[in-house]
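Novice: This is a predicted model, with the sequence first.
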Amino acid sequence: MSRRPRLTGRGQVFLALGIVVVALGTLLGFPDITRAGVLVLCLPVLAVALGWRPASPVALQRHVEPALVAPDTEARVVLTFTGRGPRLTPLQMAEEDIDPLLGPAPRFLLPRMEPGERHTVAYRVSSPFRGAHDLGPLRLERHDPFGMTTAQVLLPARGQLVVLPRIEALGPDRVHGGGLGREGQVPHMVALHGEDDVSVRAYRDGDDLRRVHWPTTAHRGELMVRQEDRPARRRAVLLLDPRAGAYLGAGEAFEWAVRAVASVAVHLAREGYAVHVVGAGEPAETRLAAQLRALAVAEPTTDGLTTQVREAHALTAEGAVVLAVVSDRHPQAVLSVPAVRSPGSLGVALVLDTASFADVAAAPADDGGLAPVFTAAGWRTQVVRDGDSVPAAWSAATSGVGGLRRDVPVGRP
């Protein structure tokens, strides 16, 4: 897209000077002065007329290396220009429009290029803030030989740099405790005689009675249930509270929640868990890179937790380690979350004291009793306040006998 040429400061001075000289020469009766004024007046007018000609086309390709980076990590953006058209391109100033969070807009001089000739320019960007940061469009600006006009051509090609959430190391300790979703499990197999090789285990509260294995129950004298089609990998489900109303005036609380979910996802993936993230705006999946990218662009939504709880239930039906990072505001909307943990599985709840994160005057929490609700439901619960680190909160919630230090603020004297 090309914009019409406009006069520069020099062009405006010449135009005004030409008008004044022509007027004075005419009024005073000096034809030579008038002719000189007309010449001065014609220079900017001629420059504008020449600027209406379309600029020689230039093709642009943009490549970002890498496209996913950690906070404060530089990425290299490579711009490849190709001369197109029947003639030599003019000298042009180029300026790349980029997200202000990435730093100042890069500017450089684009040399003359023959048709088909290529010219490559590279610059580096970084940002401490997670998110998808736009690169482009790029503006080409050219001037006439006298510097009286400038014309711009906008190259609409765009790119994107995704800065991942900040990942904090949670230490070498493994998640302790037993239960569903914890042990390495094997898939359901078919026996040679056509009957299923069914593994059985002791009945747990909440198990479907239709899965009771009666022959083994009669033999052992206690209820035993079939455990078929079990996952081959241990599973972990991480639930992020995305409610926009729960973070009003406390945006740092949501950023802490995203950072916590991302850090735990990386930690459990390294331990061999199949990790599913729920509440980041995309369907849960086990590819860590896709989960971190979804967390990088996650924003609070106006929806409640109903959809996220339903999705998490489907993932924890056969047992899984569950982490829930929730705000303590409007706790009625969170009361369905404790039921996500299946009986016998490990559940860790990090409850954000949202008022402590507020950078402006904010409404107090509706209820101070959300953390005890999780604790009563068998979760390992930790209240998190502004200034608490993710590793400290995770350690406090998962360490000790039974892994529980209930409702104890971390990082405080």
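Specialist: Received the coordinates, thanks.

Novice: got the contact list for stretch 218-226?
Specialist: 198-204, 207-208, 211-213, 216-217 (C-beta atoms under 8 Å, 6 or more residues apart in numbering). No exception for glycine: its C-beta is placed from N, CA and C like everyone else's.

Novice: start to end distance for that stretch?
Specialist: Separation of the first and last residues of stretch 218-226 by C-alpha to C-alpha, to the nearest Å is 14 Å.

Novice: Numbering from 38 from now on, please.
Specialist: Shifting the count to begin at 38 puts that one at stretch 255-263.

Novice: ok now it, how far from the chain's centre?
Specialist: 49 Å (C-alpha atoms, centre = their mean, to the nearest Å).

Novice: How about stretch 250-258?
Specialist: Distance, centroid of stretch 250-258 to centroid of chain: 52 Å (C-alpha atoms, centre = their mean).

Novice: Just the buried residues of that stretch, please?
Specialist: Across stretch 250-258, burial judged by 16 or more other C-beta atoms under 10 Å covers 250, 253.

Novice: Could you give the average pLDDT over it?
Specialist: Mean per-residue pLDDT for stretch 250-258: 87.

Novice: what's the answer for stretch 353-360, then?
Specialist: 90.

Novice: can you pull the buried residues of it?
Specialist: Going by neighbour count (16+ other C-beta under 10 Å), the buried part of stretch 353-360 is 353, 355-360.

Novice: same question, stretch 112-119
Specialist: In stretch 112-119, counting by 16+ other C-beta under 10 Å, buried: 112, 114, 116, 118.

Novice: who does the second one bridge with?
Specialist: With DSSP bridges as the criterion, residue 114 is bridged to residue 101, residue 160.

Novice: what's near enough to touch it?
Specialist: 99-102, 133, 159-162, 172, 196, 198.

Novice: just the CA coordinates of stretch 58-77, formatted as PDB?
Specialist: The C-alpha trace of stretch 58-77 is given here as PDB (Å, rounded to 0.1, in the frame of the first residue of the first chain):
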ATOM      1  CA  VAL A  58       9.000  36.200  -3.700                       C
ATOM      2  CA  VAL A  59       6.400  36.000  -6.500                       C
ATOM      3  CA  ALA A  60       4.000  38.300  -4.600                       C
ATOM      4  CA  LEU A  61       6.800  40.800  -3.800                       C
ATOM      5  CA  GLY A  62       8.100  40.800  -7.400                       C
ATOM      6  CA  THR A  63       4.600  41.400  -8.800                       C
ATOM      7  CA  LEU A  64       3.800  44.200  -6.300                       C
ATOM      8  CA  LEU A  65       7.100  46.000  -6.700                       C
ATOM      9  CA  GLY A  66       7.300  45.600 -10.500                       C
ATOM     10  CA  PHE A  67      10.500  43.500 -10.700                       C
ATOM     11  CA  PRO A  68       9.900  40.800 -13.300                       C
ATOM     12  CA  ASP A  69      13.300  39.100 -12.700                       C
ATOM     13  CA  ILE A  70      12.400  38.700  -9.000                       C
ATOM     14  CA  THR A  71       9.000  37.300 -10.000                       C
ATOM     15  CA  ARG A  72      10.600  34.800 -12.400                       C
ATOM     16  CA  ALA A  73      13.000  33.700  -9.600                       C
ATOM     17  CA  GLY A  74      10.000  33.300  -7.300                       C
ATOM     18  CA  VAL A  75       8.200  31.100  -9.900                       C
ATOM     19  CA  LEU A  76      11.300  28.900 -10.200                       C
ATOM     20  CA  VAL A  77      11.500  28.500  -6.400                       C
END
